[in-house]
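1. Next input, structure requested:
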Amino acid sequence: MLYREFGKTGWKVSAIGLGTWNIGNQWGEMEDSTAHDIVRTAFDCGMNLFDVAESYGIPNGLSEIRLGRALKGIRDQVHIVSKVGNWGKRTGQGVPKTTVDMIRGCGHACLGRLRTDWIDVLLCHEGDIQDPSVYIAGFEALQMEGFIREYGISTNDLQILKNFHATSDGKCAVVEVDYSLINRSAEEGFLSFCQENQIGVLVRGPVAMGILADKYDTDTVFTDVVRNKWNQGESGRTEYEEKLARLDRVKTVASPDRDLVTTGLRYVISHFAEPVAIPGATSVSQVRMNAEAGVSMLCDDELTRLRAL
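-> Residues are numbered from 1 along each chain as shown. Model (predicted):
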């Protein structure tokens with residue numbers, strides 16, 4: 001596993017971490033034992049960064065609960081990134097985030113579900129927020145109390161990131177962004193800004209919600225609550241078909257000597273901003289395959305071909 005400096009934090013983190021959205025039943029039912037095995041296998045394979053959020057899971061918080069249980073005994077050897085801002089939104093019962101104490105309360109709830117005394121990074125999960133001052137004040141209160149080490153935001157919008165960074169007086173340490181061979185919009189200034197300002201980058205969706213597994217087509221019927229919007233007649237159908245078309249173009253230039261998931265993960269971690277990819281997994285075998293992708297980056301020739309698409 002490759003390791004790299006994580007922005008201005010000074011931490012050495014694995015180039016591939018584990019996203020834990022999948023272990024909370026939103027991508028299909030999963031046994032507690034399977035979730036535990038996924039987390040521990042990730043650690044055994046060299047992953048030392050785990051991403052989660054208060055809202056991940058059915059019910060809300062289940063991913064944090066399962067992650068916290070699985071990290072028992074190894075908590076001090078890993079970095080946990082969690083997010084607040086979306087609790088209850090999926091069920092129409094969102095919790096207000098209008099005061100510093102509300103942000104503090106959400107942070108303390110994360111600590112409890114994760115069974116930890118501290119969270120390494122806490123992110124604002126409202127990616128379109130115009131005034132992040134209450135989050136920043138809440139995060140700084142939690143930081144002063146010793147409950148979080150760093151903070152940042154999860155967003156795909158460069159202007160939102162710039163505003164959050166400026167409002168925090170440059171203390172924004174981490175950002176989480178959607179980036180993959182299927183969605184390369186982060187290359188249009190976003191990742192450069194992060195590098196220039198020493199902001200650690202977490203990449204969600206590095207295999208485009210499974211598109212790079214190359215096992216879906218226009219006849220696929222998705223039964224999970226995350227991707228069922230891609231089904232025929234649903235709101236995300238056009239987006240899905242565009243992703244499949246993009247996949248076809250990628251396949252024309254990607255190396256035939258390895259699977260597209262590995263190529264996609266190595267493409268992400270090969271960017272000069274040194275992102276950390278956080279793919280999810282629904283099985284131990286997927287974890288091992290993702291970890292294997294983190295042993296090297298792509299060669300310059302293949303990167304050039306892929307970037308020319």
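2. wait, what's in contact with Ser180?
-> The contact partners of Ser180, by C-beta atoms under 8 Å, 6 or more residues apart in numbering, come to 203, 205-208, 212, 264, 267-268. Placement of C-beta: from N, CA and C, glycine included.
3. can you give me the helices for this protein?
-> Along the chain, the segments classed as helices by DSSP state H run 32-44, 62-70, 100-114, 133-144, 158-167, 190-196, 237-253, 260-269, 284-293, 300-307.
4. and Trp230, which of those helices is closest to it?
-> helix 237-253 (3.7 Å; C-beta to C-beta).
5. now the angle from the closest one to helix 260-269?
-> 90 degrees (axes from the mean of the first three to the mean of the last three C-alpha atoms, to 10 degrees).
6. what about Glu274, distance to Ala35?
-> Distance, Glu274 to Ala35, by C-beta to C-beta, to the nearest Å: 29 Å.
7. Equivalent analysis for Trp11, please.
-> Counting by C-beta to C-beta, the gap from Trp11 to Ala35 is 25 Å.
8. more crowded one of those two?
-> Neighbours were counted for Trp11 and for Ala35 using other C-beta atoms under 10 Å; Ala35 has more, 24 against 19.
9. wait, what's in contact with that one?
-> Contacts of Ala35 by C-beta under 8 Å, 6+ apart are 23, 66-67, 70.
10. What residues does the residue most central in space within the chain make contact with?
-> Note on the chain: the residue nearest the mean C-alpha position is Arg204, at 3.4 Å, using C-alpha atoms, centre = their mean. Counting by C-beta under 8 Å, 6+ apart, Arg204 touches 19, 51, 154, 176-179, 278.
11. what's the distance between it and Tyr56?
-> Applying C-beta to C-beta, the value for Arg204 to Tyr56 is 11 Å.
12. do the same with Ala293
-> Distance from Ala293 to Tyr56, by C-beta to C-beta: 23 Å.
13. Around Thr262, how many other residues sit close by?
-> 22.
14. How many residues are close by the residue nearest to it when sequence neighbours are not counted?
-> Counting by C-beta to C-beta, 6 or more residues apart in numbering, Ala293 is the residue found nearest to Thr262 once chain neighbours are left out, at 4.4 Å. When counting by other C-beta under 10 Å, one arrives at 27 neighbours for Ala293.
15. and if you look at Arg246?
-> 18.
16. sorry, back to before: among the contacts of Arg204, which are in strands?
-> Among the contacts of Arg204, the members found in strands (DSSP state E) are 19, 51, 154, 176-178.
17. now, among the residues you listed, which is nearest to Lys89?
-> Nearest to Lys89 among these, counting by C-beta to C-beta, is Ser154 at 13.7 Å.
18. picking that back up, most neighbours of all the contacts of Ser180, which one?
-> Using other C-beta under 10 Å as the neighbour criterion, Pro206 leads the contacts of Ser180 with 31 neighbours.
19. just so I know, which of the helices of the chain lies nearest Met1?
-> The closest of the helices of the chain to Met1 is helix 284-293. By C-beta to C-beta, the value is 6.4 Å.
20. pLDDT below threshold where in the chain?
-> Along the chain, segments meeting pLDDT under 70 are nowhere present.
21. If we use 80, what do you get?
-> Low-confidence segments of the chain, defined by pLDDT under 80, span residues 88, 90-91.
22. Burial check on Gln93, number of neighbours?
-> Number of residues near Gln93 (other C-beta under 10 Å) recorded here: 9.
23. how far away is it from Pro59?
-> According to C-beta to C-beta, Gln93 and Pro59 sit 11 Å apart.
24. before we move on, what about Trp87?
-> Per C-beta to C-beta, Trp87 is found 11 Å from Pro59.
25. thinking Gly61 is in contact with Arg113, fair?
-> Yes: if you go by C-beta atoms under 8 Å, Gly61 and Arg113 touch, sitting 5.1 Å apart.
26. okay, and the common contacts of these two?
-> By C-beta under 8 Å, 6+ apart, the residues touching both Gly61 and Arg113 are Glu54.
27. What is the nearest of the contacts of Arg204 to Ser285?
-> For those, the nearest to Ser285 is Gly19 (16.4 Å; C-beta to C-beta).
28. Return the residues in contact with that closest one.
-> Each residue near Gly19 by C-beta under 8 Å, 6+ apart is listed here: 51, 204, 278-280.
29. What is the neighbour count of Asp37?
-> Applying other C-beta under 10 Å, we find 15 residues neighbouring Asp37.
30. I figured Val261 hits Leu212, correct?
-> Yes: counting by C-beta under 8 Å, Leu212 is a contact partner of Val261 at 5.2 Å.
31. No further questions, thank you.
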